[in-house]
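Asker: fold the following and give me the result.
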Amino acid sequence: MTPRASLSWEQRAGLGAARLDAGGVLPAAVRGNALAELVRLGLAEPLDGVDAEDVDLHCRRPQFRITGAGRDAAAAAPRPRLLVVPCAMRKSGQAAGPAEEMYTGSYHLAARRAAAALARDDGRIVILSAKFGLLHPGDRILDYDLRAGQAGTVTTPALLRQARHMALTDCRVTVLAGSRYADLARDVWSGIEYPLAGARGIGDHLSYFAAQYRPVVRHESRPAPKHGTCPQPRRVNLTPYTRPGGLDHEDHNVAATSELEQDPPDAARRATHQAAAAHPSTSPPDAPEAAARRPGRTRTSLSPAGIRPDPNE
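Answerer: As a prediction, this is how the structure comes out:
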């Protein structure tokens with residue numbers, strides 16, 4: 001396996017950042033096994049004054065620089081892809097926590113889903129915070145209230161220092177955010193990919209995000225159902241309702257049921273009149289009496305529970 005084929009995303013990002021650095025210094029973010037592998041392949045070497053036999057691979061201070069072979073490998077390897085998403089005004093309400101949990105705005109979540117779909121296995125996502133700058137999703141932050149463009153927004157020099165430290169200066173950057181965040185990103189990376197340029201509003205942004213992570217639904221023609229497979233309507237015999245409690249309640253129901261089976265229209269009318277005569281309280285009131293009991297008109301609204309008075313009116 002060639003060195004180029006064995007390089008991981010972190011190693012390619014580290015070598016690319018070191019190639020752009022004036023002194024060829026490898027960023028401190030490249031450490032651990034990724035750094036040890038670069039040294040073993042001859043793509044990185046200790047800085048002057050650093051003992052190669054006693055190196056702390058987890059030190060956050062730069063200790064290595066790129067070699068000539070490392071520059072060749074960085075030039076030949078594909079540039080690592082980086083997806084930049086914005087922060088969000090809406091947060092979880094916690095005093096502190098990981099950035100991916102603190103930001104709960106719908107725009108931010110949709111942008112992160114789209115970035116994850118575009119990144120797949122060979123890309124990384126960073127959050128561009130108006131206050132803290134470049135963040136990995138797992139970085140812990142404090143709660144704050146600031147939007148890009150307001151006083152106190154992170155400065156360009158701070159973003160440049162962060163990008164160098166995080167080994168992100170030589171990435172192929174795609175920004176999935178509003179224009180103000182895209183302007184901040186252009187101060188760090190030249191030639192960013194901004195697919196939202198020319199969008200007419202937030203609706204176009206959300207539509208683009210959804211198109212990245214939502215699978216395309218194809219409506220295929222379906223064969224017509226075979227005869228006899230569709231559910232058939234049931235035939236139901238309706239019995240007129242009679243208020244329970246009367247002495248002849250069961251007799252009325254039995255009579256009405258037997259008459260319905262013989263002649264439904266006439267039997268239904270007779271059963272209704274019989275029930276009204278046996279229980280006068282169930283008959284509808286006359287119009288004058290009903291009007292007397294309704295001095296004012298009650299406006300109603302339809303709710304799932306039925307028609308009820310509207311408390312807002």
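Asker: first-to-last residue distance for stretch 50-70?
Answerer: Taking Cα to Cα, to the nearest Å, stretch 50-70 runs 19 Å from one end to the other.
Asker: check stretch 182-196 too.
Answerer: Across stretch 182-196, first to last residue, Cα to Cα, it's 10 Å.
Asker: again, but for stretch 124-139
Answerer: Using Cα to Cα, the end-to-end distance of stretch 124-139 comes to 14 Å.
Asker: and it, what's buried?
Answerer: For stretch 124-139, the neighbour count (16 or more other Cβ atoms under 10 Å) marks 124-135, 137 as buried. (Each C-beta comes from the backbone N, C-alpha and C, glycine too.)
Asker: do stretch 94-113 as well
Answerer: For stretch 94-113, the neighbour count (16+ other Cβ under 10 Å) marks 97-100, 102-103, 107-113 as buried.
Asker: same check on stretch 31-41?
Answerer: Within stretch 31-41, the residues that count as buried by 16+ other Cβ under 10 Å are 31, 34-35, 37-39, 41.
Asker: who's in contact with that stretch?
Answerer: The contact list for stretch 31-41 (Cβ atoms under 8 Å, 6 or more residues apart in numbering) reads 3, 6, 8, 10-11, 14-15, 26, 30, 44-46, 57-60, 64, 69-70.
Asker: need the CA coordinates for that stretch. PDB is fine.
Answerer: C-alpha atoms of stretch 31-41 as PDB (Å, rounded to 0.1, in the frame of the first residue of the first chain):
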ATOM      1  CA  ARG A  31      -1.300  13.900  17.200                       C
ATOM      2  CA  GLY A  32      -1.500  10.400  18.500                       C
ATOM      3  CA  ASN A  33      -1.500   7.400  16.100                       C
ATOM      4  CA  ALA A  34      -2.100   9.700  13.100                       C
ATOM      5  CA  LEU A  35       1.100  11.600  13.900                       C
ATOM      6  CA  ALA A  36       3.100   8.500  14.600                       C
ATOM      7  CA  GLU A  37       2.100   7.000  11.300                       C
ATOM      8  CA  LEU A  38       3.300  10.100   9.400                       C
ATOM      9  CA  VAL A  39       6.700   9.900  11.100                       C
ATOM     10  CA  ARG A  40       7.000   6.200  10.400                       C
ATOM     11  CA  LEU A  41       6.200   6.800   6.700                       C
END
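Asker: related to what we said a few turns ago, where does confidence bottom out across the buried residues of stretch 31-41?
Answerer: Among the buried residues of stretch 31-41, Arg31 carries the weakest pLDDT, at 87.
Asker: helix, strand or coil for it?
Answerer: Following DSSP: H, G, I helix; E, B strand; the rest coil, we place Arg31 in the coil state.
Asker: what's the distance between it and Ala182?
Answerer: From Arg31 across to Ala182, the span is 31 Å (Cβ to Cβ, to the nearest Å).
Asker: next: Glu53.
Answerer: Distance from Glu53 to Ala182, by Cβ to Cβ: 47 Å.
Asker: cool, Thr67 as well?
Answerer: As defined by Cβ to Cβ, Thr67 lies at a distance of 36 Å from Ala182.
Asker: what does Gly42 give?
Answerer: In this structure, Gly42 and Ala182 are 39 Å apart, going by Cβ to Cβ.
Asker: same check on Thr156?
Answerer: Distance of Thr156 to Ala182, computed by Cβ to Cβ: 14 Å.
Asker: so between those two, which is more surrounded?
Answerer: Legend: neighbour count by other Cβ atoms under 10 Å for Thr156 and Ala182, higher for Ala182 (19 against 13).
Asker: tell me the contacts of the more buried one?
Answerer: By Cβ under 8 Å, 6+ apart, the contact set of Ala182 is 175, 192, 194, 196-197.
Asker: just the buried ones from those?
Answerer: For the contacts of Ala182, buried by 16+ other Cβ under 10 Å: 175, 192, 194, 196.
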